[in-house]
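Enquirer: Here you go, sequence then predicted model.
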Amino acid sequence: MTALHPRESRYGRREFLGRSAAGLFALSSMGTLLAACGGGENGEASDLVLARPDNPVTWKLYDDNPAIASGLDPEGGPLRIYNWNGYLWPGIKKGFAKEYGVEVEETYFSTMDQAITKITEGTVDYDVFIPTPDRLGRLVVGKILQPINHDYLPNLGNAWASVQDPWYDKSSLYTVPYLTWTTGIGYRTDKISTTPEQLGNPYEIYWDEANKGKTYLLDDSRDAAGHMLLKNGITDINTEDPAHIEHVKEELKSLIPAVNVKLSTDDYTNLPEGRAWVHQTWSGSAISAQWYLPEGTGPEALGFWFPEDGKGTIGNDMMAIPKSAKNPVLAHHFLNYLLDVKHGYDNFAEFVGYQPPLTALDPDKLVSDGVVAPNLKTSIVRESDFDTGYFLTELSPDGQIAWQNAWAEFKAGV
Amino acid sequence: MTTLEAPLAPPRTRSRFREWWANPWGRPRFLLLFTVLYLAWSIVPILIAIRFSFNEGRSRSTAQGWSLRWYYEDPDLSVWHDPDLRAALFQSLRLAAIAVLVTVPLGVALAIGLTRWRGRAAGASRAVSLATLVTPEIVMGTAFLLVFTHLLRFIELGTAAQAIGHITFSLVFVLIIVRGRLLAIGPEYEEAARDLGASALQAVRLALLPMLVPAIVASAIVVFAISMDDFVITQFLSSGTSTDTVPVRIYSTGRTAPTPALNALATLTLAITIVIALVLFLVWRAVRATRGQTGSAVEDFAALETEPGR
Amino acid sequence: MSDTERPVAGTRGNAVWAGLALPGVAWLCIFFLLPLYAVLCVAFGTVDPLFQRPEPEWNPLLWSTSSFEFVVDGLFTSGAAFQTVFVRTLVYVVIATALSLVIAYPVAYYVARYGGRWKGLLLVGLIAPFFISYLMRMLAWINLLQDDGWVNDVLMWVGILDAPRNWLDGRASSVILGLVYGYVPFMILPLYAFLDRIDRNLLEAARDLGASPFQTFRLVTLPLSKPAILASIVIIALPMFGDYYTTDLLSQSPTTSMIGNQIYLYVLGGQQIPVGAALVVCLMLFLAVFMAYYLIATARAQRRVGA
């Protein structure tokens, strides 16, 4: 499960992992939940599994929740999309509307919790929904999503092989990939004297006292903790080991006297506007940041570090079709539309900054097209990163509590 | 002195200075300077922000020409064209209108009732009514959030909950302003009406309310302004981007504030608030002119009294 | 002297007034007292083990104190997070309130006593901050405080600074000044209202008795203003305790976080909402002392006026 969708904290209340996990299943008590929900309407308790990269899951298909038949004509719309704010280029909506002669409406949510509550209530019928892998199990078992008919999705082949058949949804039965990102370290090349690449342990850049008052971590308990864990060589970034949690807490606290660390999720403007010289950054932000640079400063002023071997924090989300969709065929066409290389590329380059995992969008092409500055090439997520990277997934309730308390103590500035 | 005497020689400079210094009714220069400095400190940053809302370029800190680009010309990012900014403006106005329409009548009735009511219950009610003034907003926001998600679940988060929140915390301001006026007016007018045969309520309606108009106008203005400005409670009770108001929008994109459209949004909010205040003020002035009453709404506004006057 | 509190002639008098006040009081009971009770019930409640949604306990007999134990433990253990933050908040509020008073009183005094012709205009200037969104004022300041902002430009031009200073690097002084900037207008108006109503005759009498202007101020005006000063202190200090967005905007550093930030983290953080509620309750208990003072003083003053 991803700790926090980059859009989640940017536009709404900062509902952290905990709250989003609260709407989910707990490691130990999933069965109880499903039993409580009742058998017939939803899936059986045994269907609910925790997907992990080393424990991939193939979801069950249900008779009472079939995929639509093949070869149907698209409906008349309007197509209703339920998405994060600022996460879909208006040009896509316009283009699709024109091509299919339908209206396209988009509604925003600011937290995943809120989105799922709204969909499960059933008051509004959305045709397209953008969930994250950490919610998928519940959505599938709760029969909130309908299986996808791949006959309508010839463009699915454009995506990376590993993401067409991901660990959280083998064979892409219920979802197709939308966008992907990594969490690395952004920096101002024109302001700092030592770059992360020059250090033996790049994560130690956070303690560089030359950047005092200008060092930021993401205001996200899981992402910040992730980097602290990786700095210490702990690769299980979903660990619940109290010793690890304590260690991370001490590391975070040590940043305060060292560099007076600050916390923010506005990485895409803190860096270009000079408030930050070193900033824990999401890859999409590194790309968007180019567009917020002041006049006279070129994109070469920005830098982004992510481990060369791809062993860093990675995340992604998906597109899905709710079972209650009124225009399922149209929805399938929309999914296919976004999986088209040109449209995916435009969505990324014109507006969102987060990239779709499409094979044709390789780093060299994006650089040569001028979408991404050459020095920011590292912020482009590569296909191999999907296999080597570490995903932040969900924790048990006790683990969540332990991490939240550690984070609160750090934020208290003790 | 009955005889003219030769004009006194001009006093020596030092005692003239002393006299100037010692004149109790003279204008104290230091205080004047202090006040002017305070007003500048208070208002000048706003004027600067307003200036940048008219920027031609994207900068929010360097002057780059003049244009209405961020108000409506820019096809994507201006306040008029950016659906999020527009929605925030309308949500702010919607909530403020609801707040005024409900809080003012409720508050006026409450003020009149509380001022005259006798007894223990009255005292307790007065205490409760004033309590919201000294309650931190995060406490109220948390309380509202919890009650609407666990007890009064039929009230969904969003506009309804936000409206209720706004009404609840603006009530006390109406109470204070109207009470202040009531205490200054005194009971004579009502008593006169009662002597002429009116019932208590008739006396209130016919004799008291017209005299309260300045205070009512002032409290309407206050409620409007407070509601437009509220941030914490609106944020806690928001159900998503569609129920964000201008302050919430400013907060969530403010530190980054990519364009001066945000300045434009805030300027518009300010302009609208001022216009509404002026309209109400002028309406009241017109009414007052025809009725020949006394009282100053501005003074009532300023009389957010914490203790009743002497 | 107003004698509004004298019972207006009439037999059913009291019921009429109670009736008028009823809708407002009922509203406050439902939408102020009840939510506070809900906070109590969540704080004394439990969480559902699955989703960790709070399960409020409406029956006081079944209240569970585990969240409170956690919070109280944090508040009274020296060096613990809650205590550190709380003490820091107290310090900030005290300093900011004191500074606000130092600024507000002279301004209110000047406008009340010497406003003269300009009084209306000055009042408009004093009232203006109410119409301008607090956030917009803060934003305007953040803009000015940037490395390349006007504050640094002016200070360097005047010569006080040699190089631009990073005012937004998470220093306490920025946060405290931010608090002052935000809350001082709320202090000026009540002080003004009071000072405006001081009987001029008293001041003249003092002058006639030979007091200098300064002595008049010290021996007459100041003592008279005491209740108003105390009331205005309470009015801004108590809400300031719950402030969390000033430090979020001006600092973003853990070293300046206030108790409001901790409450925000727990209440909106998902797993430990009862802990957040317990923090809120503890904060209210602490403030209740001052709140009670304020309410009692107000009631007493009203009785003095002639109820």
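Expert: Yep, it's here. Numbers count the residues shown, from 1 in each chain, chains lettered A, B, ... in the order given.
Enquirer: Hmm, C:Leu249 is touching C:Arg137, no?
Expert: No. In this structure, C:Leu249 is not within contact of C:Arg137 by CB atoms under 8 Å, at 10.6 Å. To be clear about C-beta, it is placed using only N, CA and C from the backbone, and glycine gets the same treatment.
Enquirer: Identify each buried residue in stretch A:258-278, please.
Expert: A:259-278 (16 or more other CB atoms under 10 Å in any protein chain shown).
Enquirer: now do stretch B:83-91
Expert: Applying 16+ other CB under 10 Å to stretch B:83-91 flags B:84-85, B:87-89, B:91 as buried.
Enquirer: In helices, which of those residues appear?
Expert: B:84-85, B:87-89, B:91 (DSSP state H).
Enquirer: from the buried residues of stretch A:258-278, which are also near chain B?
Expert: Taking CB under 8 Å from any CB of the partner chain as the test, chain B is in contact with A:264, A:266, A:268-270, A:273 out of those.
Enquirer: Among these, which lie within strands?
Expert: A:Ser264 (DSSP state E).
Enquirer: Please identify which of the ones in helices among the buried residues of stretch B:83-91 is nearest to chain A.
Expert: B:Asp84 (7.0 Å; CB to the nearest CB).
Enquirer: related to what we said a few turns ago, output the ones in helices among the buried residues of stretch B:83-91 in CSV; the columns should cover distance to chain C and pLDDT.
Expert: Rendered in CSV, the data for those read as follows (distance: CB to the nearest CB, whole Å; pLDDT from 0 to 100):
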residue, distance to chain C, pLDDT
B:Asp84, 16, 75
B:Leu85, 14, 81
B:Ala87, 17, 85
B:Ala88, 12, 87
B:Leu89, 12, 89
B:Gln91, 14, 93
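Enquirer: Now distance to chain A too, for those, in a markdown table please.
Expert: What follows is those, written out as a markdown table (distance: CB to the nearest CB, whole Å):
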| residue | distance to chain A |
| --- | --- |
| B:Asp84 | 7 |
| B:Leu85 | 12 |
| B:Ala87 | 10 |
| B:Ala88 | 12 |
| B:Leu89 | 16 |
| B:Gln91 | 13 |
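Enquirer: Export those residues to TSV and append columns for distance to C:Gly115.
Expert: Rendered in TSV, the data for these read as follows (distance: CB to CB, whole Å):
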residue	distance to C:Gly115
B:Asp84	43
B:Leu85	39
B:Ala87	42
B:Ala88	37
B:Leu89	35
B:Gln91	38
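Enquirer: Out of those residues, the closest to B:Phe154 would be?
Expert: B:Gln91 (21.4 Å; CB to CB).
Enquirer: Count the residues that sit near the residue in the stretch 151-300 of chain C that chain B sits nearest to.
Expert: Nearest residue of the stretch 151-300 of chain C to chain B (CB to the nearest CB) works out as C:Gly242 at 2.4 Å. Neighbourhood size, C:Gly242 [other CB atoms under 10 Å in any protein chain shown]: 25.
Enquirer: Touching, it and C:Gly260? I think so.
Expert: Yes. Using CB under 8 Å as the test, C:Gly242 is close enough to C:Gly260 to be in contact (4.9 Å).
Enquirer: between those two, what contacts are shared?
Expert: B:136, B:138 (CB atoms under 8 Å, 6 or more residues apart in numbering or on different chains).
Enquirer: Ignoring the adjacent residues along the chain, who's closest to the residue of the stretch 151-300 of chain C closest to chain B?
Expert: Sequence neighbours aside, B:Pro136 is the residue nearest to C:Gly242 in space, at 2.4 Å (criterion: CB to CB, 6 or more residues apart in numbering or on different chains).
Enquirer: Which stretches in chain C count as strands?
Expert: Under DSSP E, chain C gives strands at C:46-47, C:54-55.
Enquirer: now the first one: mean pLDDT?
Expert: Averaging the model's pLDDT scores along strand C:46-47 yields 84.
Enquirer: How about stretch A:258-278?
Expert: 87.
Enquirer: anything in stretch B:163-173 near chain A?
Expert: No. Between stretch B:163-173 and chain A, judged by CB under 8 Å from any CB, nothing touches; the nearest distance is 15.1 Å.
Enquirer: I'd like to know if that stretch reaches chain C anywhere along the stretch.
Expert: Yes. Applying CB under 8 Å from any CB, one finds stretch B:163-173 in contact with chain C at B:164-165, B:167-168, B:171.
Enquirer: Dump those into a markdown table; add distance to B:Trp284, pLDDT and neighbour count as well.
Expert: Listed next are the residues of stretch B:163-173 next to chain C as a markdown table, based on distance: CB to CB, whole Å; pLDDT from 0 to 100; neighbours: other CB atoms under 10 Å in any protein chain shown:
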| residue | distance to B:Trp284 | pLDDT | neighbour count |
| --- | --- | --- | --- |
| B:Ile164 | 28 | 95 | 23 |
| B:Gly165 | 28 | 95 | 28 |
| B:Ile167 | 22 | 96 | 22 |
| B:Thr168 | 26 | 96 | 22 |
| B:Leu171 | 21 | 95 | 28 |
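Enquirer: Show me which of these is closest to chain A.
Expert: Nearest to chain A among those, counting by CB to the nearest CB, is B:Gly165 at 15.1 Å.
Enquirer: Does C:Leu122 touch C:Ala112 like I think?
Expert: No. If you go by CB under 8 Å, C:Leu122 and C:Ala112 don't touch, sitting 9.7 Å apart.
Enquirer: Centre-most residue in chain A?
Expert: Geometric centre of chain A, nearest residue: A:Asn316, 3.9 Å, by CA atoms, centre = their mean.
Enquirer: close enough to count as contact, that residue and A:Val163?
Expert: Yes. If you go by CB under 8 Å, A:Asn316 and A:Val163 touch, sitting 7.1 Å apart.
Enquirer: Now do the shared contacts for the two.
Expert: A:177, A:180, A:357, A:386.
Enquirer: hang on, B:Trp70 is in a helix, isn't it?
Expert: Yes. Assessed by DSSP: H, G, I helix; E, B strand; the rest coil, B:Trp70 belongs to a helix.
Enquirer: Let me know how buried it is, in neighbour terms.
Expert: 28.
Enquirer: show me the contacts for the residue of the stretch 151-300 of chain C closest to chain B.
Expert: B:136-139, B:232, C:259-260, C:263, C:283.
Enquirer: got any ranges where the stretch 51-200 of chain C has weak pLDDT?
Expert: Low-confidence segments of the stretch 51-200 of chain C (pLDDT under 70): C:51-52.
Enquirer: the helices in it, which residues?
Expert: C:66-76, C:81-114, C:119-131, C:134-145, C:150-158, C:172-196, C:200-208 (DSSP state H, counting those that start in this stretch).
Enquirer: Just confirm A:Ser324 contacts A:Thr120, I think it does.
Expert: No. The criterion here is CB under 8 Å, and A:Ser324 misses it with A:Thr120 at 9.7 Å.
Enquirer: Can you read off the backbone torsions of A:Glu273?
Expert: In terms of degrees, to the nearest 10, the main-chain angles of A:Glu273 are phi -90, psi 0.
Enquirer: ugh, wrong one, A:Thr281
Expert: Per degrees, to the nearest 10, the backbone of A:Thr281 is at phi -140, psi 140.
Enquirer: Then A:Asp266?
Expert: phi -100, psi 50.
Enquirer: Same check on the one 5 residues further on?
Expert: Listed backbone geometry of A:Leu271 is phi -70, psi -60, with angles given as degrees, to the nearest 10.
Enquirer: repeat for A:Trp181
Expert: Dihedral angles (degrees, to the nearest 10) for A:Trp181: phi -150, psi 160.
Enquirer: what helix or strand is the closest residue to chain B within the stretch 51-200 of chain A on?
Expert: Nearest to chain B in the stretch 51-200 of chain A, going by CB to the nearest CB, is A:Tyr108, at a distance of 4.4 Å. Taking DSSP states H and E as the criterion, A:Tyr108 maps to strand A:104-109.
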